[in-house]
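> here is my input; please provide its structure:
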Amino acid sequence: MRKKKFLRSRFSVYLLFPLISSLFFLSYVFSQGVLKLGTLAPADSDWIKAINDVFDEVLRKSTEKPKVIFYSGGVMGDEDEMIRKIRIGQLHGGGFTTLGIKKIAPELSVLDLPMLFRNEKEVDFIFDKFLPDFENFFEKRGFKLLLLTEQGFSYFFTTRKDVSKLKDLGKTRMWGWKDERVILSVVKVLGSNPIFVLVPDVLSALETGMLETVDLSPMACISLQWCNLMKVMINYPYRFEAGALVIYKKSWDALPSDFKVSLETALKQKRQWITEKIREGNKRSIERLKMMNIKFVDVSYDEINWFHDEVRKKIWYAENTEYSHEFLRRIEEELENFRKGKSN
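Got it, this is the predicted structure:
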């Protein structure tokens, strides 16, 4: 009897599973009236303003259109939490920093390797050359990559007045993102130990002295108000940070067709315009930092060469990379050809 009861119970679960799966999928279909997107970016940031301009234009032209809601400023939690909410249907997508991008598609951690890019032209070249690869990495994880742009180049900022060179950062309390290999390795190269703090909690950690050094773009530093506490900026853009707008594939498939076509087309056409808006914002932010009496510390050639050698040896081709070494070598080769004027 017990065996029959068990078989009957298990059979019931098998019968219910397709229904449960269907209902789970329908939660995306039934939510097509509202498209919910999350981001850490503040509502008044240049990134949000540019994206909103594109959405407004698309919504005006679409016959069938969802209501688009941006939950900005981290109100939906850190990027790990937002990704979890996307996968269970509480959000449909979002705008992500390097951390979130790599949580979804780890192979893209190749883009924020320290000292990989020298300038914005190199970034544009690699984005154009490898965009199909990047889109495929997201597709394999069930996400639609709608826009790959940037946060800009990152600089080190510290609350410590006594920092006068790059290597001095090793004696400060440096911020780290848990499980984020590149940043944690950079902190160790500089001789410090990372202190793990979630993005929404960094400001209070800086105020209390729990943290002393962070690295991010000038625009992000001002938008998040962290720069109100900073005394020194290491004047060297040592690492590039991407930015992306992604939507969960099931949510994307449930959206009205004309809206999807218009949005995808508009974002492709406006990608460079959005990127330029972000770059202009970072340039304005650097000028504002100078007016805030933050000391700009230049980096010597000896320190640049030392740092480049250390990160290439200990970070680029480490054993535990999220990308294949072959993929990195392809990017390196294309960059070298670009620098020599040999690229197609």
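
> centre of the chain to stretch 106-126, how far?
Centroid separation for stretch 106-126 versus its chain: 13 Å, with Cα atoms, centre = their mean, to the nearest Å.

> what's the span of it from first residue to last?
Distance across stretch 106-126, first residue to last, is 17 Å (Cα to Cα, to the nearest Å).

> buried residues, it. List them.
Buried residues in stretch 106-126, counting neighbours by 16 or more other Cβ atoms under 10 Å, are found at 107-117, 120, 122-123, 125-126. Where C-beta positions appear, they are placed from N, C-alpha and C, glycine not excepted.

> nearest to I278, of the residues you listed?
Of all these, E120 has the smallest distance to I278: 10.3 Å, by Cβ to Cβ.

> please name the nearest non-neighbouring residue to that closest one.
R279 (6.5 Å; Cβ to Cβ, 6 or more residues apart in numbering).

> which of the helices or strands spans that neighbour?
R279 is located in helix 257-291, with elements delineated by DSSP states H and E.

> same for that helix, what does it pack against?
helix 46-61, helix 120-140, strand 143-158, helix 218-223, strand 232-248 (3 or more Cβ pairs under 8 Å, 6 or more residues apart in numbering; DSSP states H and E).

> in CSV, list the ones you listed along with distance to E303.
Shown next, in CSV, are those (distance: least, Cβ to Cβ, whole Å):
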stretch, distance to E303
helix 46-61, 31
helix 120-140, 21
strand 143-158, 12
helix 218-223, 20
strand 232-248, 8
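
> among the ones you listed, which is nearest M210?
Comparing those by Cβ to Cβ, strand 143-158 comes nearest, at 13.6 Å.

> partners of that closest one in the sheet?
On the basis of DSSP bridges, the sheet neighbours of strand 143-158 come out as strand 213-216 (antiparallel), strand 232-248 (antiparallel).

> would a markdown table of these with mean pLDDT be doable?
What follows is the strands paired with strand 143-158, written out as a markdown table (pLDDT from 0 to 100):
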| stretch | mean pLDDT |
| --- | --- |
| strand 213-216 | 96 |
| strand 232-248 | 96 |
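
> please report how far the closest residue to A220 other than its chain neighbours lies from D53.
Using Cβ to Cβ, 6+ apart and skipping residues adjacent in sequence, the residue nearest A220 is Q151, 5.9 Å away. To D53, Q151 is 18 Å away according to Cβ to Cβ, to the nearest Å.

> these two: which has the busier surroundings?
Q151 (23 against 15; other Cβ atoms under 10 Å).

> surely the more buried one is in contact with S217?
Yes - in this structure, Q151 is within contact of S217 by Cβ atoms under 8 Å, at 4.8 Å.
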